[in-house]
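1. next input, structure requested:
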Amino acid sequence: MLCPTCNTPNRDDAKFCKKCGHSFRAETANTLAASGQAGTSPAGEAPLEQTAAANPAYPQPAVATQLSEAPANDQLQAEAVDDVSLAPTLILTPEQMMAYHSRRWQQEEEQERAATDIADMPTLISTPDPAVSQGEQVQDVVDIPAALDSPLASGDETIPPPVSSDEGNTPSTSTEKDQVAQTSAVDTSDVAHGTTEEEASESMQPSSDQPGAAEAATDFSTLAVGATVVGRYEITQVVSESEQEHIYQVIDHEGYQRCWNCASEQNAQGDEFCMSCGAELLNAPYTMHEYPATASPEADARVLHGTIVNTFIDQGHTYVIEQQQIAQNAFPDGVHLEAATHSDAGDVRRSEPNEDSTLVLMLQRVHESISEPMGVFIVADGLGGHDNGQVASRMTIALIAERMVRELLAGPLASEKAGESAKSFDEDGYVALLKGAVEDANTALCQVNERDKTDMGSTITGFMIAGDHAYIINVGDSRTYMLRGGQLYKLTNDHSLVEQLVAGGLIEPDDVYTHPQRSQIFRSLGDKLNVQIDIFKQQLHPGDIMLSCSDGLWEMVRNPQIESILNTAPDPQTASAQLIDTANANAGEDNISAVVVFVR
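-> Residues are numbered from 1 along each chain as shown. Next up, the predicted model:
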């Protein structure tokens, strides 16, 4: 039979597991059934032993109830209160063991005189070893009541007396059970010769000469740095070691099986970058916990604070692979940007000046193999119908570029040349810089309009990338989008009449493409000095695609088409060109401009 606790194979007649000491509760009922004494459950149900076999948790009746049909033995029936096989097994002191054997010998002599056949007796004790006749008594520990406060421990003779076979009538039936029991029993000859309690206790421990004992004691050694577990996890550092647990830092040479950044399992062997998020898959770092084959039941419960990504057993040891709950660096080599821009007057307004202007200003420095990009990407749409719309968009781009170059490039380079520390920017610094540049452009336009009595203006949208964050700005009805995970997101809100009508539920979202007042906007640069600027921050992930465009593009190319083009284009230049071509193919009613940035 298999032990339900540790799955160790045991003999069919075993009462306790030879590996973990688990009590096989159905043993009593099965043995009694073999001798024709097992009871049946009420209402003609299956016998108790069959029910127990089907469900080990089925409650077993008391021994006294099962033995109600046994040969008369008043003292036995009065004393058999509990099934000792259901009680936990504890080690008895030598004095208690000697007292028990003295009573046992007396009971055996009385039973031999009664010449009772062993088949009629209710107990499960096998016949003793022939050495019993010579005074060397060996008792199976499973036949001894377990609790020290049992009747045996108190000296009351209330346990069922064990029975041996009549040597003259019944042959010895000693089985392997008696031999196995010897490894956990006390040799009473040692007790008779004055063996101490400590020595008796030591004699009941498993011998270190037994197979596997030495290995179990010394098998939990620390793995060396450079060793590889299951051909996958290479140990780079031993963090800590104890008798209960070893902790290592490891790298995963098969990181394609699960992306460390987005947890995608869609990658295949040989992939170096995740097809879902673009993260590098090779040599992903993790923490590995190693536990011995046999853990102490008193060991404290181990709490892992990270995410468990894999568990397995190798050579009897349990391993847990943990990804720490820390801010994972999505760009271990820094952020790499690819950018392109394209602009066209549009088929309908081909003969008129293109009032759109774009800016791609990208500064990328690499220090200690880490890329540190700085980019400003702007689309400005000069307001049609006003004087010199193309001048307004060009002025806007020029002023923003001048401010950015001065603050982000010229200033730091001059400081480094002079041996001084360059000015550093935090999140608030980047926001203030971008907002200040747009406000400079707005102020300049307002001053020109006031001086020349003109009414020129421009919308503006775009973003500044610093590290792994994008700072998005918007004034007017040009738009900025982000493609992430194959899905397109509109990051900006249009400052237009039709957008307000949609927000108020007066028109449907698709009506913004055809509404007769779709060109009316209520916010632009050059209109007033205290223009309100939308600005917010967006965390970037590997594989993101950023797009800023004028209304001449998004009105001609609906969002599903934009999404499809960005998903299929191999690079920013191709994407921007395809967007312009598609807008012209869909009518090209206005100037069309796009700035596309791939985040690697």
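
2. give the buried residues for stretch 508-524.
-> When burial is assessed from 16 or more other CB atoms under 10 Å, stretch 508-524 yields the following buried residues: Val512, His515, Arg518, Ser519, Ile521, Arg523, Ser524. Quick note: C-beta positions are derived from backbone N, CA and C, even for glycine.

3. ok, the third one - contacts?
-> With contacts defined as CB atoms under 8 Å, 6 or more residues apart in numbering, Arg518 is in contact with Ser496, Leu497, Val498, Val512, Glu555.

4. redo those as a markdown table? Include pLDDT, distance to Ser276 and secondary structure.
-> Listed next are these as a markdown table, based on pLDDT from 0 to 100; distance: CB to CB, whole Å; DSSP: H, G, I helix; E, B strand; the rest coil:
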| residue | pLDDT | distance to Ser276 | secondary structure |
| --- | --- | --- | --- |
| Ser496 | 94 | 35 | strand |
| Leu497 | 93 | 40 | helix |
| Val498 | 92 | 36 | helix |
| Val512 | 91 | 32 | helix |
| Glu555 | 95 | 32 | coil |
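
5. of those residues, buried ones?
-> With burial judged by 16+ other CB under 10 Å, the buried subset of these is Ser496, Leu497, Val498, Val512, Glu555.

6. which two of these have the greatest separation?
-> Leu497 and Glu555 (14.2 Å; CB to CB).

7. what about Ala432, how many neighbours?
-> 13 (other CB atoms under 10 Å).

8. before we move on, the earlier item: now tabulate the buried residues of stretch 508-524 in a markdown table and tack on distance to Glu563 and secondary structure.
-> Shown next, in a markdown table, are the buried residues of stretch 508-524 (distance: CB to CB, whole Å; DSSP: H, G, I helix; E, B strand; the rest coil):
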| residue | distance to Glu563 | secondary structure |
| --- | --- | --- |
| Val512 | 18 | helix |
| His515 | 23 | coil |
| Arg518 | 22 | coil |
| Ser519 | 25 | coil |
| Ile521 | 25 | strand |
| Arg523 | 27 | coil |
| Ser524 | 28 | coil |
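
9. in a markdown table, list the residues you listed along with distance to Phe273.
-> Listed next are the buried residues of stretch 508-524 as a markdown table, based on distance: CB to CB, whole Å:
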| residue | distance to Phe273 |
| --- | --- |
| Val512 | 38 |
| His515 | 44 |
| Arg518 | 41 |
| Ser519 | 43 |
| Ile521 | 41 |
| Arg523 | 41 |
| Ser524 | 42 |
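
10. closest one to Leu445 out of these, please.
-> Checking the buried residues of stretch 508-524 against Leu445 with CB to CB, the nearest one is Ser524 at 9.1 Å.

11. wait, a strand at Ala380?
-> Yes. Residue assignment for Ala380, taken from DSSP: H, G, I helix; E, B strand; the rest coil, places it within a strand.

12. got a list of what the residue nearest to it when sequence neighbours are not counted touches?
-> Distances taken as CB to CB, 6 or more residues apart in numbering place Ser393 nearest to Ala380, at 4.0 Å, with adjacent residues excluded. For Ser393, the residues meeting the contact criterion (CB under 8 Å, 6+ apart) are Glu355, Asp356, Ser357, Ala380, Asp381, Gly382, Ser458.

13. widest-spaced pair of the buried residues of stretch 508-524?
-> The largest separation in the buried residues of stretch 508-524, counting by CB to CB, is between His515 and Ser524 at 18.7 Å.

14. who touches stretch 559-577?
-> Stretch 559-577 is touched from outside by 338-342, 481, 483, 486-488, 490, 545, 547, 554, 557, 578-579, 582, 594-598, with contacts defined as CB under 8 Å, 6+ apart.

15. and the spatially closest residue to Gly389 that is not a sequence neighbour, what are its bridge partners?
-> Setting aside the residues directly before and after it, Gly389 is nearest to Gly382 in space (CB to CB, 6+ apart), at 3.0 Å. Each beta-bridge partner of Gly382 is listed here: Ser458, as defined by DSSP bridges.
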